[in-house]
Every structure is written in structure tokens, then in C-alpha cells.
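Peer 1: what's the 3D shape of this:
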Amino acid sequence: MNIKNKIFVMLIVLILSSFTTEKKVITVFMVGDSTMSNKPLIGGNQERGWGHMLGGFFTEEVYVENHARNGRSSKSFISEGHWDEVLKRLSPGDYVIIQFGHNDEKADRARHTEPGTTFDENLRRFVRDTRARGATPILLNAIVRRNFVSQMDSSFVRDVRKIPDNKESVVEGNILFDTHGAYLESPRNVAHEMKVPFVDANRITHDLISSMGPEKSKELYMWIEPNAIVSCPQGRQDNTHLSVYGARIIAKLLIDAIAREVPALGKYVRYYDFVVAKDGSGDFFTLQEAINSVPDFRLDKRTNILIRPGIYDEKLIVPTSKVNVSLLGQSDVVISHSNHTERNDCWNVREINWGTAICYVFAPGFCVENVTFHNDSQSDISAITCFIAGDNVKFEDCFLKGKRMCFIA
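Peer 2: Numbering: from 1, shown residues only. Predicted coordinates:
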């Protein structure tokens, strides 16, 4: 083969490889109840399922699709057709995280199952169907309820806080008593029987809540003071459902355990100090909230902030005290805001004013990756996009859009 033919063959190989090297996005399906499900954000709702937060712990090669539903048991999830919807979407190489128990315990016929018989058989069905489609099942047992009691407390064997119109007052003790009983063993037993990865979510959360104690652990659950948020004007004392903070903490602990049990999925796990997300899957909705939460003059460690996809309409200010901060954008992250000046200089010409930027960086060591900054002002040629006054500032794979791109002091 002469040199021209060799070059031609190499070009063909390169062209063909450009169509075949695109990585398949792995989908992690979440199947479970309200402790895992996505929550509405109306009225500043602070409730989150731990699965709602899981997308902020993966690289972009993994997409989390949360099918968990409030109030569902393993039985009702199947009978209502939710499991069939998951099966339609499953592909080889995907994962299904399965966690039930809270509602299987309920007495009503539409949801109730028995550990050792009907509950176990439903879990086996999830496993069999998942494997039949070339995907990997992962079984978890139920997370713990925050149920602190004393030895002689009447709520030691029942949580009277869940009884409608209950008039009995509850004096919390220091013993964290778990209410799930044998429902905790079914996922473990089925996992052992069918050789499925198993995560003891109950033990992990029990250890966490117990170590925090009765008062501090309220921060993880939906304990809301009256008139604190619009969505819950009368307040709430809920020992089952998680707050934003609680869901993030528990999601991290559970993804740690999942990564250990399933190393093939674990290699896509990443950790960030804060996550910003428009869909409620992060610590904050805005970048400025995340920046404000960075400890001042954190010289010994870099603070990494993940920005999940979306358009963020805000003016960002990184003050001098927020040193060594990295903003790491996932795909399609845009900071877009309109800022300009109407002021003219002494010759009656519209002046270039650094106060027109939408991003101000005064701190040293600031880094940003994979973010588009857009000053979308249409009325003034003096509007600029970024004002940089800090030292050792780095923009990588970023786009600056506006009438004037950048002002460096």
C-alpha cells in the first residue's frame, strides 16, 4: 500500500471513529417513596427527597432519573404502572436504585405488604425485570425515622405524632428507636439471595441521627417554625421527610456506600462543597448564595462549587474575602443578566463604566470552568460582562458575551 492509500485509510478511520466514540450517558433510575422523591418548589418548599439531590454527586456521564413517588409502597408502585414506565426507559448499562419500606408498613390494602412474603416478592420482581433489560439493580432498605424516645415512653413502639388528631403529648428521650422492624431485613435478604448490591441505608442514617442527638437532628428533617416559609405557614414537625440540608447530607452518605458496593458506578461520583441548581437539587438556587456561604479567607483549601444546568439571571460578586473559589459548570450553564449605565461623560458621550458588569471578581485564586457569561443589555454600548480585580484569576472553556467583554483592573 503506497503512502497516499495509507493516508486515505487513516482519514477514513478517523472519520468513522468520530461517529463512534461518543460516550453513552448512563441513567440511574430511582424507584421508591417520598423519602427519595423529587419535591415541588412552590412557596419556598424546603422538603427534599435524598434522590432529588443525587444528580449533584455525579459527572456528566451519568443522568439521574427520579421515578420515586410520595406515598408509594412496593405494591402500589407496581399496581399504578410506575414500574412499567421505568421498564420502558431502561437500557443495558443503566442502574436502578430501589428503596421501599415506609409505606409497605401501612395497613391499607392498596399498599400493605408483608416482609418475608409479598414485600420480598415485589423486590425480587424489581431485580428480575431490571436484569432482563441488561441494567444493574441496587437494593436499599428504608432510611430511619427521627423517633427519639425514653424507655417507658408510650411512643417506644408507635409514633403517636403520626396518629390523626392525636392529643397525647410526646416527651422526646435520648434513644433513637426504629419503627421499620422486619421491613429492614427483606431488602437485605433478597440482595443476598439474588446476589444484588445492597446498601444498609437504615444503619447509615440511624448512626448519623443517633450521633446528632434529639435537638441537632431536627435540622435534617422538616422541622419548620410557624410563618417561616410560604409553603408551610403553620410550621411543621415531621420526623420522616428531609429538609434541603438533610437530603444533601444523607445523599452524600448513601452515594458513598453505593460507590463502594458498585465500583463501576462509583468511578463517576464527584464531591463538591456546594451545589447550585435551578431544579432544587442543590444547596442553593443562586450562585451568589453559594459564594456568600464560602468561609472567609479559606487559604488552606479550595472551595469547589458545582453549577447544574440552567440560565441564572443574577449579578455575581466575589468579594476579596472569598479566596480560592472554583465555579465548575455542567453543560449549558449560563449566567445572564442585563446591566448598563445611562451616564454620559463631560463630552456628552456614553462612558465606559466598570459598574455595568454582571460578574465582579475581587478575590484572588478565583477559577471558573465551562460557564457562559452574558450581559444581555441591548440599550448601551458601554455595558461590560466581567470586571476582574483579583490576582491569579482563571477562566477555562468559558464564553463571554456582551457589548464589551471584560475589564481588568
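Peer 1: Hmm, Ala68 is touching Asp33, no?
Peer 2: Yes - Ala68 is within contact range of Asp33, at 6.2 Å (criterion: Cβ atoms under 8 Å). The C-beta positions use only the backbone N, C-alpha and C, and glycine is treated the same way.
Peer 1: and for the two, which residues touch both?
Peer 2: Gln99 (Cβ atoms under 8 Å, 6 or more residues apart in numbering).
Peer 1: so who does the nearest residue in space to Asp94 that is not next to it in sequence touch?
Peer 2: Closest residue in space to Asp94, ignoring its immediate chain neighbours: Ala135 at 4.2 Å, by Cβ to Cβ, 6 or more residues apart in numbering. Taking Cβ under 8 Å, 6+ apart, we find Ala135 in contact with 29, 90-96.
Peer 1: can you do 6 Å?
Peer 2: Neighbour list for Ala135: 90, 94, 96 [criterion: Cβ atoms under 6 Å, 6 or more residues apart in numbering].
Peer 1: Repeat that for Arg124.
Peer 2: So Arg124 contacts Val190 (Cβ under 6 Å, 6+ apart).
Peer 1: Just confirm Tyr175 contacts His206, I think it does.
Peer 2: Actually, residue 175 is Ile. It isn't Tyr. No - when contacts are counted by Cβ atoms under 6 Å, Ile175 is not listed as touching His206 (11.5 Å).
Peer 1: which of these two has more neighbours?
Peer 2: Legend: neighbour count by other Cβ atoms under 10 Å for Ile175 and His206, higher for His206 (19 against 14).
Peer 1: doesn't the more buried one fall inside a helix?
Peer 2: Yes - secondary structure of His206 (DSSP: H, G, I helix; E, B strand; the rest coil): part of a helix.
Peer 1: Nearest spatial neighbour of Leu41, chain-adjacent residues omitted?
Peer 2: Leu41's closest residue in space is Gly280 (Cβ to Cβ, 6+ apart), at 4.9 Å.
Peer 1: What about the one you found, how many residues nearby?
Peer 2: Gly280 has 19 neighbours, counted by other Cβ under 10 Å.
Peer 1: same question, Ala142
Peer 2: Around Ala142 there are 26 residues (other Cβ under 10 Å).
Peer 1: SS state for it?
Peer 2: Under three-state DSSP, Ala142 comes out as coil.
Peer 1: Show the pLDDT at it.
Peer 2: At Ala142, the model reports a pLDDT of 98.
Peer 1: Pick out the residue closest to the middle of this protein.
Peer 2: Met53 (1.9 Å; Cα atoms, centre = their mean).
Peer 1: so what's the backbone phi/psi at that one?
Peer 2: The phi and psi values for Met53, taken as degrees, to the nearest 10, are phi -90, psi -10.
Peer 1: For it, which non-adjacent residue is closest in space?
Peer 2: With sequence-adjacent residues excluded and distances taken as Cβ to Cβ, 6+ apart, Met53 is closest to Ala251, at 4.2 Å.
Peer 1: May I see the buried residues of the host helix or strand of the one you found?
Peer 2: Ala251 is part of helix 244-261, with elements assigned from DSSP states H and E. Residues of helix 244-261 classed as buried by neighbour count (16 or more other Cβ atoms under 10 Å): 244, 246-259, 261.
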